[in-house]
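Visitor: fold the following.
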Amino acid sequence: MMNDCCSSNSCKTSRSIRHQCPANGIEYRDVSARTIAHHVKQPWLWNIHDQVFFYCEDPECEVVYFADDDSVILKSQLRTEMGIKTKSRSALLCYCFGVTKIDAQQNPKIKNFVTDQTKKGICSCETSNPSGRCCLKDFSRTDFAD
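Guide: The predicted structure is shown next:
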């Protein structure tokens with residue numbers, strides 16, 4: 001049984017809040033302030049408040065994170081390139097182990113490696129992955145292009 005951030009129980013939070021992205025109107029799941037602080041360019045300047053934050057997964061939307069007051073954090077305000085926000089094959093797919101989309105396409109065994117490391121608890125998805133969730137589901141995506 002996995003006992004890390006990617007196990008079925010430990011990724012769940014006590015709240016299951018969804019909110020509409022102020023830019024595209026689509027509802028998305030919440031994300032921790034800890035995750036956002038890991039990805040913003042200058043976290044010491046970021047004013048967290050007592051808000052709930054969300055992660056916009058729409059590749060066409062410039063908003064990456066937004067709060068329940070509809071304030072936003074754009075791609076340009078992050079130090080990490082958002083793999084889901086680009087179709088580039090050189091973008092990261094797995095942030096914990098630096099696996100790019102092209103790496104995963106060229107070597108299917110990489111997913112097995114990531115899965116094994118995750119089972120061993122050797123991952124940091126809750127902070128490393130911009131979504132705050134496990135990347136394993138992203139390995140099945142086939143819309144990678146350059």
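Visitor: so the residue most central in space within the chain is in which element?
Guide: Geometric centre of the chain, nearest residue: Ser131, 2.2 Å, by CA atoms, centre = their mean. Assigned by DSSP states H and E, Ser131 falls within no helix or strand.
Visitor: what segments of the protein are strands?
Guide: 18-20, 27-31, 53-55, 63-67, 72-74, 92-94, 99-100 (DSSP state E).
Visitor: which residues in the protein form helices?
Guide: 33-39, 101-106, 109-119, 125-128 (DSSP state H).
Visitor: that older thread, looking at the strands of the chain, which is buried most?
Guide: Among these, strand 92-94 has the highest mean neighbour count (mean count of other CB atoms under 10 Å), at a mean of 26. Every residue, glycine included, has its C-beta placed from N, CA and C.
Visitor: now it, how far from the chain's geometric center?
Guide: 9 Å (CA atoms, centre = their mean, to the nearest Å).
Visitor: mind listing what's buried along stretch 43-52?
Guide: Using 16 or more other CB atoms under 10 Å as the test for burial, stretch 43-52 gives Val52.
Visitor: contacts for it next, please.
Guide: Outside stretch 43-52, the residues within contact range by CB atoms under 8 Å, 6 or more residues apart in numbering are 15, 17, 19, 30, 33, 36-37, 40, 67-69, 71, 73.
Visitor: what's the farthest-apart pair in those?
Guide: Greatest spatial distance in the contacts of stretch 43-52: Arg15 and Val40, 22.1 Å, computed using CB to CB.
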